[in-house]
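K.L.:
model the following, please.
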Amino acid sequence: MTFMERWYEEVWNKGRESAIDEMAEPNAVAHGLGENGGDVVGLENFKLFFRTFQSALSDIRVVVEDTITEGDRSVARVKVTAKHTGESLGIPAKGNAVEFSGVSIARLKDGKIAEAWNYFDFPTMYKQMA
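P.N.:
Down below sits the predicted model:
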């Protein structure tokens, strides 16, 4: 199992918030996940992002379709499925199924994520939630 496969399995599929501490540096930067596509800096802010998604979407399943690792970079192309059952993303929950794709490029330092560039099709997700 690659690092990225393990990240998505432990953090998102199993919903283990503690895996964030295990697999990311304290000051890790997640580009593209903040408000208006900005950065999420530090583990506490990433955990807030994680909790927001967990409370808005149930039955989250991330399938890693491809990974590439070279040097200190690890890349994953993923497909995400879930059900919109909570309102923490600002849209009233209707129970809609959502499916969208994404790509993450992580820079690893000492076996943990130090920085990641994230490109998820959030517009498609929001459209399906409406």
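K.L.:
give me phi/psi at Lys14?
P.N.:
Per-residue torsions, Lys14: phi -90, psi -20 (degrees, to the nearest 10).
K.L.:
residues near it, how many?
P.N.:
11 (other CB atoms under 10 Å). Every C-beta, even on glycine, is put in place using the N, C-alpha and C of the backbone.
K.L.:
cool, Met125 as well?
P.N.:
Met125 has 22 nearby residues by other CB under 10 Å.
K.L.:
can you check the pLDDT for it?
P.N.:
Here the pLDDT value assigned to Met125 is 96.
K.L.:
hmm, it is touching Ala97, no?
P.N.:
No - assessed by CB atoms under 8 Å, Met125 is found out of contact with Ala97, at 10.8 Å.
K.L.:
now the helix ranked longest in the chain: mean pLDDT?
P.N.:
The residue-count maximum for a helix in the chain (DSSP state H) belongs to helix 43-56. Mean pLDDT, helix 43-56: 97.
K.L.:
so which strand or helix has the closest residue to Val11 other than its chain neighbours?
P.N.:
Leaving aside its sequence neighbours, Val11 sits nearest to Ala19 (CB to CB, 6 or more residues apart in numbering; 4.9 Å). Assigned by DSSP states H and E, Ala19 belongs to helix 18-23.
K.L.:
by contact count, what packs against that helix?
P.N.:
helix 3-7, helix 43-56 (3 or more CB pairs under 8 Å, 6 or more residues apart in numbering; DSSP states H and E).
K.L.:
hmm, 7 Å instead?
P.N.:
Here helix 18-23 touches helix 43-56, going by 3 or more CB pairs under 7 Å, 6 or more residues apart in numbering; DSSP states H and E.
K.L.:
pull out the buried residues from whatever helix or strand comes next after the helix it packs on.
P.N.:
Toward the C-terminus, helix 43-56 is succeeded by strand 57-70 as the next helix or strand (DSSP H and E). For strand 57-70, the neighbour count (16 or more other CB atoms under 10 Å) marks Leu57, Ile60, Val62, Val64, Thr67 as buried.
K.L.:
now stretch 2-10
P.N.:
Phe3, Met4, Glu5, Trp7, Tyr8, Glu10.
K.L.:
name the nearest residue to the third one, ignoring sequence neighbours.
P.N.:
The one in question is Glu5. In space, Glu5 is closest to Val64, 4.8 Å off (CB to CB, 6+ apart).
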